[in-house]
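[1] Just a sequence and a predicted model for now, questions to come.
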Amino acid sequence: MSYLLVPKKPTEAVDQYSAGHVYYGEGHIGTRRRTYSNTFDPPAEPGQQQRRLLKQPPRRRGSHDPYGSFPKGFLIDVARTKAALLAAEDTDANYQITIEDGGPKVLALGTINSYGAYNHEIRGTYMLSNLLQELTLAEASGRPYILLDESRLSENPVHRVNRLIRDTFWRGLTRFIDDTVIEEVARDPKAERMKDPRPRIYVPLGAPEQYEYYKRVAERRPELNLDVVVLPEKITAEYTKSLNDKPGLLALAMEEYTDHSGKKNLRGCPYVVPGGRFNELYGWDSYMMALGLVRDKKIDLAKSMVINFCFCIQHYGKILNANRSYYLSRSQPPFLTDMAIRVYEQIKHEEGSLEFLRIAILAAIKEYYTVWMAEPRYDPKSGLCRYRPEGLGIPPETEPSHFDSVLKPFAEKNQMTIEDFIFAYNESLVHEPELDEYFLHDRAVRESGHDTSYRLDGRCANLATIDLQSLLYKYETDISNVIKIHFKDKLVIPKEFARGTSMKIGDVESSAIWDRRAKRRKQLTDKYFWNEKEGMYFDYDTIRMEQSTYETATTFWPLWAGLADPRKAASLISVALPKFECYGGIVSGTEKSRGVVGIDRPNRQWDYPFGWAPHQIMAWEGMRKYGYVEEAQRLCYRWLYSLTKAFVDYNGVLVEKYDVTRPIDPHKVDAEYGNQGGDIRGVATEGFGWVNASYQIGLDIISSHMRRALGACIPPDAFLRMTETEVEGIVQSVESLGL
Ligand SMILES: OC[C@H]1O[C@H](O[C@H]2O[C@H](CO)[C@@H](O)[C@H](O)[C@H]2O)[C@H](O)[C@@H](O)[C@@H]1O
Ligand SMILES: [Ca+2]
């Protein structure tokens, strides 16, 4: 009987903690399915034991496995067990097993040791939800029957999150653009309601080889209905607006390779997307994810994202908010220099690494001059820079009713429905300067990455933010250091980077000028952004010529950039930190600054009480830079606790942002478009990009003692009050329960 040949220890051939696609085999359409010893096919004539396993529902106590002390594994009929599990335990029928389900929280499974004759009970939300996740993965891999290690169900949650991110989620979020996947990557849930959302790719004029490539794809595969469009050399705000009805992907870097038949071909340079409805290469998300990728030793991916950024600067004039047509005029917070340096550090022994760094720094210099130090973003009066992109009309990618309350009075004034007014306004058939001003700021808010908040609403384009100021200081110091250390203090500007700038071919960049720029920026920061009385940094309004009073978590960014002097750093820790430190980490802005919210003044996602991964990462790194390691670890524990807690209680969820004031279900966010990444059917396959990164980075920051406490889900406030021995006692009892 073939089932008797099933190995006793499924771990012999495949590691018990392998990623789903390895443990169960590849199962997606078009990929090769592999067979491993931890899966098995039922015999044509099932024997007695097997019949029992396949036909009888799992039994309760009385049929307990007498070999119970063995490391356990289970023989599972995937479809039957999944159906039984969902019927009993998913009482709210959302294909997740969470603490909100009211089932018995126990399910008996036939053990491998007894060839399915005896059962062992799986108990509690966490193990049952892990079972659902494993069954969903097995099903997706096309496995009707599996042998499952119990350790995959009782796995320490910190180990499980860390492992899933490293081996599964990055993989799930990786994209590239070429003929094999164009229909998949062109898909855009944000564009579905736009007029002509057929798959479309816009190719820059300077990449004719890509135009030829995609034209050939469109001809060869007419069923795709792929529209291939060349962009004009000069991209104006009018042109970008004209694409609103024809949304499409913006081409990214491709590389030449020789295929198996010896023919030269092109293939897309891969990148990682944020997740949820964000299925494209984003600006600052990419930086945060690159930190996580480097940490997880996925260096090629991080490197490829830098290459894609350089392509964007060269062909679109900026690092794009994201590579969709409606983002053409917009950038996002600049992080290229730090990203390139971190990748370079990992590849410096490789051939071509210095050339990689040279190109990235040249691209960053071009971006610095033409995006951030050029009007309208640059304010010549103050010498400060702002998020202030060009653009016309209403951002088309937001949710349908997002602007209704803003547009309603204008629609009424013009005696139109909101829908008719949107058309008339976008087509310049009506003129509303007040609305133009509103959307100028709205676009700026989106460029800032902080969309939306009461900090930036209605004024962002006028604000020089402490965020941007810190990032540009980092550009200046990084560029200076790289030129000095790696290029003998001389970096010659080549033709492709001089084009479209005031730089001339052959101009030489040296460290001195970048040092002067950094020094000047530091003076301006102290003058405009530091508030001695409040002991922290604030944004500066370049039109009203006054500091903003909104308390923002980006006040810690000068630490990350190395821009604060030690006295200011100390004040940020003693005065500012208590305002932002919440139960689950750093909050985006203080409650006082946000003000009262209600029906007429709804929550904004970048305000109190929400916490975001990039804010945590920037604060941790900044504090560590200045020696505030204990504070960084404490904040880290808080954040990782929120992520782990929601993961354990809510079927493995990892989402875009968290409510850092909620101890129980911090992933529940009632603001704007809700939370991305939470839409799980059985199992999460992607998490959310920058949250994934924050988890991996955070694990390297906390102590091993903290890591053990986290695995036992000890709440932060309790953990901080406990002695090390008390924590160890709890950890050991949790571990002995196998949970
Ligand atoms: O569609 C609404 C907005 O979506 C993006 O913003 C949010 O998601 C991004 C990707 O994770 C992130 O970079 C940003 O900080 C988030 O607020 C997009 O960037 C906006 O332009 C867009 O309007
Ligand atoms: Ca449920």
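    Sure, I can see it. Numbers count the residues shown, from 1 in each chain. Ligands and ions are numbered 1, 2, ... in the order given.

[2] For Phe487, list the residues it contacts.
    Residues near Phe487 by C-beta atoms under 8 Å, 6 or more residues apart in numbering: Arg358. Placement of C-beta: from N, CA and C, glycine included.

[3] Run through the residues that contact the nearest residue to Gly393 once chain neighbours are set aside.
    Nearest residue to Gly393 in three dimensions, chain neighbours excluded: Asn426, at 4.2 Å (C-beta to C-beta, 6 or more residues apart in numbering). Residues counted as contacts of Asn426 (C-beta under 8 Å, 6+ apart) are Lys241, Asn244, Leu392, Gly393, Ile394.

[4] Closest one to ligand 1 out of those, please.
    Nearest to ligand 1, judged by C-beta to the nearest ligand atom, of the contacts of Asn426 is Ile394 at 11.1 Å.

[5] Pull the number of nearby residues for the closest one.
    Burial measure for Ile394: 21 neighbouring residues, criterion other C-beta atoms under 10 Å.

[6] State the pLDDT value of it.
    For Ile394, the pLDDT comes out at 93.

[7] Pro7 now?
    37.

[8] and if you look at Ala360?
    98.

[9] What parts of the stretch 151-300 of the chain come near ligand 1?
    Contact residues, the stretch 151-300 of the chain versus ligand 1 (C-beta under 6 Å from any ligand atom): Lys190, Pro274, Phe278, Tyr282, Trp284, Asp285.

[10] Just the ones in helices from the residues you listed, please.
    Among these, the ones falling in helices (DSSP state H) are Trp284, Asp285.

[11] Now a ChimeraX select for only the buried ones of the residues of the stretch 151-300 of the chain next to ligand 1.
    In ChimeraX, this line selects whichever of these come out buried by 16 or more other C-beta atoms under 10 Å:
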select :190,274,278,282,284,285
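
[12] Show me which pair in the residues of the stretch 151-300 of the chain next to ligand 1 is furthest apart.
    Lys190 and Trp284 (18.0 Å; C-beta to C-beta).

[13] which residues sit in contact with the closest residue to ligand 2 within the stretch 301-450 of the chain?
    Nearest residue of the stretch 301-450 of the chain to ligand 2, counting by C-beta to the ion: Glu399, 25.5 Å away. Applying C-beta under 8 Å, 6+ apart to Glu399 gives the contacts Glu672, Tyr673.

[14] if we can go back for a sec, separation between the residue nearest to Gly393 and Val445?
    Asn426 sits 19 Å away from Val445, going by C-beta to C-beta, to the nearest Å.

[15] And for Cys460, nearest residue in space, chain neighbours not counted?
    Using C-beta to C-beta, 6+ apart and skipping the chain neighbours, the partner closest in space to Cys460 is Ala444 (3.8 Å).

[16] got it, and Pro558?
    Spatial nearest neighbour of Pro558, excluding adjacent residues (C-beta to C-beta, 6+ apart): Ala564 at 4.2 Å.

[17] The one you found is in contact with Tyr628, isn't it?
    No - contact criterion C-beta atoms under 8 Å: Ala564 and Tyr628 do not qualify, at 11.4 Å.

[18] So if I had to pick from the two, which one is more boxed in?
    Each of Ala564 and Tyr628 has its neighbours counted (other C-beta under 10 Å); Ala564 has more, 26 against 21.

[19] how near is that one to Arg386?
    21 Å.

[20] now Ser428
    In terms of C-beta to C-beta, Ser428 sits 25 Å off from Arg386.

[21] one step back: mind pulling the model confidence for the residue nearest to Gly393?
    Note on Asn426: pLDDT of 92.

[22] quick one: it from Phe403, how far?
    Taking C-beta to C-beta, one finds Asn426 at 12 Å from Phe403.

[23] give me phi/psi at the closest residue to Leu524 other than its chain neighbours?
    Closest residue in space to Leu524, ignoring its immediate chain neighbours: Gly383 at 5.8 Å, by C-beta to C-beta, 6+ apart. Backbone torsions for Gly383, taken as degrees, to the nearest 10, come to phi 80, psi 10.

[24] Tell me how many other residues crowd Gly383.
    16.

[25] From Thr552, how far out is it?
    For Gly383, the distance to Thr552 equals 21 Å [C-beta to C-beta].

[26] quick one: is the helix or strand in which the residue nearest to Cys460 is found near ligand 1?
    Ala444 is located in helix 433-447, with elements delineated by DSSP states H and E. Yes - counting by C-beta under 6 Å from any ligand atom, ligand 1 is contacted by helix 433-447 at Arg446.

[27] what does that helix contact?
    So helix 433-447 is in contact with 321, 329-332, 386-389, 391, 393-395, 406-407, 410, 425, 451-453, 456-462, going by C-beta under 8 Å, 6+ apart.

[28] 6 Å instead?
    330-331, 387-389, 391, 410, 451-452, 456, 458-461 (C-beta atoms under 6 Å, 6 or more residues apart in numbering).

[29] Dump the residues you listed to a markdown table, plus secondary structure and pLDDT.
    Below are these laid out as a markdown table (DSSP: H, G, I helix; E, B strand; the rest coil; pLDDT from 0 to 100):
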| residue | secondary structure | pLDDT |
| --- | --- | --- |
| Arg330 | coil | 97 |
| Ser331 | coil | 98 |
| Tyr387 | coil | 98 |
| Arg388 | coil | 98 |
| Pro389 | coil | 97 |
| Gly391 | coil | 94 |
| Phe410 | helix | 96 |
| Asp451 | coil | 95 |
| Thr452 | coil | 93 |
| Leu456 | coil | 98 |
| Gly458 | coil | 95 |
| Arg459 | coil | 97 |
| Cys460 | helix | 98 |
| Ala461 | helix | 98 |
